[in-house]
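**Student:** Please work out how this folds:
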Amino acid sequence: MPIFMIERRFADQLDPTAEDAKRINLINDEEEVSWVLSFLSADKRKSYCLYEAESADAIRRAAQRAGLPADVVTELGHRVLPTGSLVAPV
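**Tutor:** Next up, the predicted model:
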């Protein structure tokens, strides 16, 4: 399944809760997308999220339903390891 990086920009600082995650995951399940991991910027106004999904459109639909921005959605390909090795997408 393709992996995507989603950049989200927020007007206010993000303070995520377990309830927020549960609600987002329920919507993601309905859209058949899987939230893998997220990072917050130091000022908590941006997040960078890894998702597995069949398409960028599925991610955008889930984000819209959850009331989340999806400012930049990028499909990821090869990984570069610290050794310099290139690993093909799974």
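**Student:** Name whatever forms a beta bridge with the residue positioned nearest the centre of the chain.
**Tutor:** Central residue of the chain (C-alpha atoms, centre = their mean): residue 49, 3.1 Å from the mean position. On the basis of DSSP bridges, residue 49 is bridged to residue 6, residue 38.
**Student:** so who does it touch?
**Tutor:** 5, 6, 8, 35, 36, 37, 38, 39 (C-beta atoms under 8 Å, 6 or more residues apart in numbering). Yep, even glycine has a C-beta here, placed from its N, CA and C like the rest.
**Student:** ok, so what distance separates it from residue 39?
**Tutor:** For residue 49, the distance to residue 39 (C-beta to C-beta, to the nearest Å) stands at 8 Å.
**Student:** repeat for residue 81
**Tutor:** 19 Å.
**Student:** And for residue 51?
**Tutor:** 13 Å.
**Student:** More neighbours: these two, which one.
**Tutor:** residue 51 (25 against 9; other C-beta atoms under 10 Å).
**Student:** any idea of the mean pLDDT in the longest helix seen in the chain?
**Tutor:** Assignment by DSSP state H gives helix 18-31 as the longest helix of the chain. Averaging pLDDT along helix 18-31 gives 96.
**Student:** Can you list the neighbours in contact with stretch 70-82?
**Tutor:** For stretch 70-82, contacts defined as C-beta under 8 Å, 6+ apart pick out 2-9, 50, 56, 59-60, 63-64, 86-89.
**Student:** List only buried entries from the residues you listed.
**Tutor:** 2, 3, 4, 6, 8, 56, 59, 60, 63 (16 or more other C-beta atoms under 10 Å).
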